[in-house]
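K.L.:
Quick one, structure for this:
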Amino acid sequence: MKIKAKTASLLAASTLSVTGMQALAQDAQTQAELDALRARVEALESVGPGSTPGEFKIGSTALDIYGYVKADFFYDFDFELGDTADTSNIGDPDAATSGTFGSTVRQSRIGLLSSTQTGIGEVGGQLEFDLFGSGGTAELRVRHANITIGDNWLIGQYWTNFQPLDSYPTSVEFDGPVGIPFARVPQVRYTNSFGIDNTAFALSIEENVGGSDSRDPVFVGSAEYNDGTFLARASALYGKAESGGVEVDQTGFTLSGSVRPWAGGLFQVNYVDGEALGPYLIGAGDAIVNGEANDVDGFTVELRQDIGEKWNVGIAYGEVDYDLPTADGALAFTDIETVHFNVFYKATDNLTFSAEYFYGERNDVNSGTTFDADRIQLAAQLNF
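P.N.:
Here you go, the predicted structure:
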């Protein structure tokens, strides 16, 4: 999602005011300066590690503040799914409802980017929070906290290298479709190209995600081709998972692709397969069941389309299947499916309204019953 940096915009606005008064005496020169400044402001790109912060500086360090305010309103028809549309509540008798309205602002977030020119090149920093505190409270929670050195090194917490970030499906609710890796972990990552345009590879040593007692590192490698129209990506993971004193190999791979087949269109798929990978996935299952590694495979498919300059619609399907059942409350599930149908309306460059219909389905291997849940969600989001 592309957002404009607030500090750079404020600086541009104040600069435009001052130079605008000077234009009475220096029309030609000032107009050229104004045009150049507007061009720089309009060229601001989305933020993340390696992004170039704005023109606000403290000493030799350039800084940007970014983020968004998001208000969500939802209605659950069958089971209360909470403010993250948690699929683990589907089929839980304690979450059953004949209709419940809810709202949240916890998805709102704020971040800070920095960039400093040093003797070893450009050193950047990112610190980002949202409001998903523990126990359902609106407390600051660290999402990203990392240091970048040049274009190659990242040290700190960021999305796992195992996650296909560039082809992750779009949703209004927080999690998105099941059947895809989703985790932020402390890591050391090295990124470079293959010497071919639009290619990149990344190697990382990462902390194991929550859900495993293992203290061993996880090793991840990925390779990607992305020319803006066509994307192909693959990643592989190796580590150890541990539970109840039992340790097993944790292995897996992802394959992802996307294409823009026509104007405004986007089609993308993601596939994941491996053993003991449950803690990495949306719709998480146990990594180890009865002393055995729990094999899993999952996939997502998404189709999106722009309608004019203001509207975007899409539908995404996700499924995850485990070989061994995960005991979750009153259920023991091996299969979860989700469908997201959403519409986004861009009211201004920074303000977006959205609506989504969510359907989720989860099985119970003990009773042979399949439970489903429906939700309607509306949201307003202001980027800064």
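K.L.:
can you give me the helices for this structure?
P.N.:
6-22, 27-42 (DSSP state H).
K.L.:
Now do stretch 92-99: distance from first to last residue.
P.N.:
15 Å (CA to CA, to the nearest Å).
K.L.:
any weak-confidence spans in the stretch 51-200 of the chain?
P.N.:
51-55 (pLDDT under 70).
K.L.:
how about the strands in it?
P.N.:
All strands of the stretch 51-200 of the chain, identified by DSSP state E, counting those that start in this stretch, fall at 56-58, 61-76, 100-104, 109-118, 121-132, 138-149, 153-159, 184-192, 199-206.
K.L.:
To Thr300, which of those lies closest?
P.N.:
Closest of the strands of the stretch 51-200 of the chain to Thr300 is strand 153-159, at 16.0 Å (criterion: CB to CB). From N, CA and C alone the C-beta is placed, and that goes for glycine too.
K.L.:
Could I get the buried residue list for that closest one?
P.N.:
For strand 153-159, the neighbour count (16 or more other CB atoms under 10 Å) marks 153-154, 156-159 as buried.
K.L.:
Does anything pack onto it? Which helices or strands?
P.N.:
Helices and strands touching strand 153-159, by 3 or more CB pairs under 8 Å, 6 or more residues apart in numbering; DSSP states H and E, are strand 138-149, strand 184-192.
K.L.:
Name the residues of the shortest one that come out as buried.
P.N.:
Taking 16+ other CB under 10 Å as the basis for neighbour counts, the residues of strand 184-192 that come out buried are 184-185, 187, 189, 191.
K.L.:
I'd like the residues you listed as a markdown table, with distance to Asn146 appended.
P.N.:
A markdown table is the format used below for the buried residues of strand 184-192 (distance: CB to CB, whole Å):
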| residue | distance to Asn146 |
| --- | --- |
| Arg184 | 10 |
| Val185 | 11 |
| Gln187 | 8 |
| Arg189 | 9 |
| Thr191 | 12 |
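K.L.:
what sits against the residue nearest to the spatial centre of the chain?
P.N.:
Nearest to the geometric centre of the chain sits Leu165, at 6.6 Å (CA atoms, centre = their mean). Shown in contact with Leu165 (CB atoms under 8 Å, 6 or more residues apart in numbering): Trp159.
K.L.:
one more time with 10 Å, if that's ok
P.N.:
Leu165 is in contact with 48, 158-159, 181-182, 222, 224, 233, 256, counting by CB atoms under 10 Å, 6 or more residues apart in numbering.
K.L.:
Show me which of those is closest to His144.
P.N.:
Distances from His144 to the contacts of Leu165, taken by CB to CB, are shortest for Tyr158, at 5.4 Å.
K.L.:
Now the terminal residues of stretch 172-187, how far apart.
P.N.:
For stretch 172-187, the end-to-end distance is 28 Å (CA to CA).
K.L.:
related to what we said a few turns ago, return the member of the helices of the chain having the minimum mean pLDDT.
P.N.:
Mean pLDDT per stretch puts helix 6-22 lowest among the helices of the chain, at a mean of 37.
K.L.:
Distance across stretch 181-195, terminal residue to terminal residue?
P.N.:
28 Å.
K.L.:
With stretch 305-315 instead?
P.N.:
Counting by CA to CA, you get 9 Å between the two ends of stretch 305-315.
K.L.:
what's the closest residue to Arg362 other than its chain neighbours in contact with, if anything?
P.N.:
Once flanking residues are discounted, Arg362 sits nearest to Ile90: 4.3 Å by CB to CB, 6 or more residues apart in numbering. Neighbour list for Ile90: 78-79, 81, 96, 283, 328, 331, 333, 336, 338, 360-364, 370-373 [criterion: CB under 10 Å, 6+ apart].
K.L.:
Could I have the buried ones of those as PyMOL selection syntax?
P.N.:
Of the contacts of Ile90, the buried ones go into a single PyMOL selection, burial set by 16+ other CB under 10 Å:
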select buried, resi 78+79+81+283+328+331+333+336+338+360+361+362+363+364+371+373
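K.L.:
Can I get the helices and strands packed on strand 153-159 in CSV including distance to Glu122?
P.N.:
Below are the helices and strands packed on strand 153-159 laid out as CSV (distance: least, CB to CB, whole Å):
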stretch, distance to Glu122
strand 138-149, 8
strand 184-192, 14
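K.L.:
and Leu382, which of those is closest to it?
P.N.:
Using CB to CB, the helices and strands packed on strand 153-159 put strand 138-149 closest to Leu382, at 17.1 Å.
K.L.:
Just checking: what are the partner strands of that closest one?
P.N.:
In the sheet, strand 138-149 lines up against strand 121-132 (antiparallel), strand 153-159 (antiparallel) (DSSP bridges).
K.L.:
of all these, which lies closest to Arg109?
P.N.:
Comparing these against Arg109 with CB to CB, the closest turns out to be strand 121-132 (4.0 Å).
K.L.:
my guess is Phe219 meets Gly252, correct?
P.N.:
No: using CB atoms under 10 Å, Phe219 makes no contact with Gly252, being 11.7 Å away.
K.L.:
what residues are shared contacts of those two?
P.N.:
Counting by CB under 10 Å, 6+ apart, the residues touching both Phe219 and Gly252 are 236-239.
K.L.:
now the residues you listed: which count as buried?
P.N.:
The buried subset of the shared contacts of Phe219 and Gly252 - by 16+ other CB under 10 Å - is 236-237, 239.
K.L.:
right, and out of the residues you listed, which lies closest to Asp64?
P.N.:
Leu237 (32.1 Å).
K.L.:
Give the bridge partners for that closest one, please.
P.N.:
Bridge pairing for Leu237 - DSSP bridges - gives Val220, Gly252.
K.L.:
got a list of what the spatially closest residue to Gln117 that is not a sequence neighbour touches?
P.N.:
Spatial nearest neighbour of Gln117, chain neighbours left out: Ser60 (6.4 Å); criterion: CB to CB, 6+ apart. Listed by CB under 10 Å, 6+ apart, the contact set of Ser60 reads 115-118.
K.L.:
Test my guess that Tyr66 contacts Phe129.
P.N.:
No: judged on CB under 10 Å, Tyr66 makes no contact with Phe129 at a distance of 11.7 Å.
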